[in-house]
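> next comes the sequence, and after it the predicted model I'd like to discuss.
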Number of protein chains: 2
Amino acid sequence: MGKQKILDSDLLEGLAKVFRSKGYDGANLSELSIVTNLKKASLYHRFPDGKKEMAEAVLIHIEEWVDKNIFDPLENKKVSPKKRLKNALIEIYNSYNGGKDNCIFRALSLEPGSELFQEKIGIGIQKWISAFEKLGLALNFTEEKSHEYAVQTLIDIQGSLVLTKGLNSTKFFENALKGIESRYLER
Amino acid sequence: MGKQKILDSDLLEGLAKVFRSKGYDGANLSELSIVTNLKKASLYHRFPDGKKEMAEAVLIHIEEWVDKNIFDPLENKKVSPKKRLKNALIEIYNSYNGGKDNCIFRALSLEPGSELFQEKIGIGIQKWISAFEKLGLALNFTEEKSHEYAVQTLIDIQGSLVLTKGLNSTKFFENALKGIESRYLER
DNA sequence: GTCTATAGCTAGATAGAC
DNA sequence: GTCTATCTAGCTATAGAC
């Protein structure tokens, strides 16, 4: 908790970039060293448990970013639910670089990352679902429908990112975000 | 093409199991050797270009399996479109082991696999979309709607697999398949 | 066509100077 | 707190006997 305050966020974003694109096994210390402008020994000074601790710190950093920039605004009752959703979708669009960047959850879902980070990933996804459930309730949907829409929102984001990567076209991600907006707001 | 005929399909399924769960970088020759009951040198005898060629052979093998067991039945005009869809969904359910197994496209979408196999993955995903587009047309949907439903089918499968893995619950995958069936058949 | 043995290299991780 | 230098283990890949 307090530890992250000391760490430079540029450092963590450099690490995140590598883990997102290469996964846990694919990320190697030479590249992590280059993107952070720190030699390997310096990385080990900051992360005594090595690569595993670096990936965990990245997950925590991203969670904090999402809390602050997506979830908190999504629950801000001073703003209309409609406007909250639109803002959140813009942040989501930007955080995935328009669909060109992978999701850290997906990148770390392959072994051996899946065992190492399963719990953190599960909590992270659950938080996304909860945030969109609250949006649904704010729009006067039933609990059941709020849950259904929230799950489908996550599926649309994750699925469209897979297609965007596999077919090398960001239109799938862009259309998915539009579809999410329609599902919540068109009625 | 002819080469795959010689290769034992058990061998390729062993290789596939490792690549699906670990990705390209995470799959190492020691484990590939164990699951195939072949020593490393024997694997190199069969795949002179090494790990890259093994992953390519796996992609080809899976494509052939999908053609035969999912796409061909999905276009078989002797069977009603409704029944075709139901059969295809059962095959899809089984081929992902009820949601517990990863998709090979997703596993190979991280670097360095993404550059090595981008083309094959793109063609593979496009084939899935085409197959479901034809189903939509057989159900008398417009071309536009057929395309939209086909893309959403892929998104639902891929996205629900991510949630299934991340939240360690196959219900997301199961519900996604039910949702796909409803979308095509309920009207 | 399968094996044992090993080359050549790079990975993650550490020691110790500054 | 960062560095250079280095360790050991694991990696991909190959040589050559059978």
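Everything's here; your move. Numbering: from 1, shown residues only, chains lettered A, B, ... in the order given.
> from now on I want contacts and neighbour counts done on CA atoms only, so please keep to that.
Fine.
> count of neighbours near the closest residue to chain B within chain A?
For chain A and chain B, the shortest gap (CA to the nearest CA) falls at residue A:159, measuring 3.7 Å. Here the number of neighbours of residue A:159 (other CA atoms under 10 Å in any protein chain shown) works out to 27.
> just the one 5 residues further on next, same as before
For residue A:164, the number of neighbouring residues by other CA under 10 Å comes to 22.
> tell me the residues on chain A that lie near DNA strand D, please.
For chain A, the residues in contact with DNA strand D (CA under 7 Å from any atom of the strand) are A:37, A:38, A:39, A:40, A:41, A:42, A:43, A:45, A:46.
> if you skip the residues just before and after it, what's nearest to the residue of chain A closest to chain B?
residue B:159 (3.7 Å; CA to CA, 6 or more residues apart in numbering or on different chains).
> for the helix or strand harbouring the one you found, buried residues please.
Assessed by DSSP states H and E, residue B:159 sits inside helix B:143-167. For helix B:143-167, burial by neighbour count (16 or more other CA atoms under 10 Å in any protein chain shown) applies to B:146-147, B:149-167.
> report the contact partners of residue A:54.
Contact analysis of residue A:54 by CA atoms under 8 Å, 6 or more residues apart in numbering or on different chains lists A:15, A:47.
> pull out the buried residues from the longest helix along chain A.
Once chain A is assigned using DSSP state H, the helix that runs over the most residues is helix A:113-138. Within helix A:113-138, the residues scored as buried using 16+ other CA under 10 Å are A:113-114, A:116-118, A:120-122, A:124-138.
> so which bits of chain A are right by DNA strand C?
Residues of chain A lying near DNA strand C (CA under 7 Å from any atom of the strand): A:25-30, A:40-41, A:44, A:48-52.
> now render these as CSV, adding secondary structure.
Listed next are these as CSV, based on DSSP: H, G, I helix; E, B strand; the rest coil:
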residue, secondary structure
A:25, helix
A:26, helix
A:27, coil
A:28, coil
A:29, helix
A:30, helix
A:40, helix
A:41, helix
A:44, helix
A:48, coil
A:49, coil
A:50, coil
A:51, helix
A:52, helix
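> ok, of those residues, which come out buried?
Using 16+ other CA under 10 Å, the buried ones in these are A:25, A:26, A:27, A:29, A:40, A:44, A:51.
> ok so, going back, next one: the residue of chain A closest to chain B from residue A:31, what distance?
For residue A:159, the distance to residue A:31 (CA to CA, to the nearest Å) stands at 28 Å.
> avg pLDDT for stretch A:66-79?
Mean per-residue pLDDT for stretch A:66-79: 95.
> show me where pLDDT drops low in chain A?
A:1-7 (pLDDT under 70).
> swap in 90 and give it another go.
A:1-8, A:187 (pLDDT under 90).
> contacts only, for the closest residue to residue A:107 other than its chain neighbours.
The shortest distance from residue A:107 to any non-neighbouring residue, by CA to CA, 6+ apart, is to residue A:23 (4.6 Å). Going by CA under 8 Å, 6+ apart, residue A:23 touches A:107, A:108, A:110, A:113, B:110, B:111.
> save the residues you listed as TSV, and put in distance to residue B:103 and secondary structure too.
Below are the contacts of residue A:23 laid out as TSV (distance: CA to CA, whole Å; DSSP: H, G, I helix; E, B strand; the rest coil):
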residue	distance to residue B:103	secondary structure
A:107	13	helix
A:108	14	coil
A:110	11	coil
A:113	16	helix
B:110	13	coil
B:111	16	coil
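> show me which residues of stretch A:9-23 are buried.
Those would be A:11-23, for stretch A:9-23 by 16+ other CA under 10 Å.
> of these, which belong to strands?
Secondary structure defined by DSSP state E assigns none of those to strands.
> distance of residue A:164 relative to residue B:115?
Counting by CA to CA - residue A:164 and residue B:115 are separated by 14 Å.
> up against chain B, what does chain A have?
For chain A, the contact set with chain B under CA under 8 Å from any CA of the partner chain comprises A:21-23, A:25-26, A:105-107, A:109-112, A:118, A:121-122, A:125-126, A:154-160, A:162-163, A:165-168.
> isn't residue A:69 up against residue A:89?
No. Applying CA atoms under 8 Å as the test, residue A:69 and residue A:89 come out as separate, 10.7 Å apart.
> about what we covered before: could the buried residues of stretch A:9-23 go into a markdown table alongside distance to residue B:85?
A markdown table is the format used below for these (distance: CA to CA, whole Å):
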| residue | distance to residue B:85 |
| --- | --- |
| A:11 | 49 |
| A:12 | 46 |
| A:13 | 44 |
| A:14 | 45 |
| A:15 | 44 |
| A:16 | 41 |
| A:17 | 40 |
| A:18 | 40 |
| A:19 | 38 |
| A:20 | 35 |
| A:21 | 35 |
| A:22 | 36 |
| A:23 | 35 |
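> mind listing which of those are in helices?
Going by DSSP H, the helices hold A:11-23 from the buried residues of stretch A:9-23.
> quick one: which of the residues you listed is nearest DNA strand D?
Relative to DNA strand D, the closest of those is residue A:11; by CA to the nearest atom of the strand it sits at 9.9 Å.
> tell me the contacts of the nearest residue to that closest one once chain neighbours are set aside?
Leaving aside its chain neighbours, residue A:11 sits nearest to residue A:36 (5.4 Å; criterion: CA to CA, 6+ apart). Applying CA under 8 Å, 6+ apart, we find residue A:36 in contact with A:10, A:11, A:14, A:15.
> how about CSV for those, with distance to residue B:186 added?
Shown next, in CSV, are these (distance: CA to CA, whole Å):
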residue, distance to residue B:186
A:10, 50
A:11, 51
A:14, 48
A:15, 47
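> return the closest of the residues you listed with respect to DNA strand C.
Closest to DNA strand C, out of all of the contacts of residue A:36 and judged by CA to the nearest atom of the strand, is residue A:15, at 12.0 Å.
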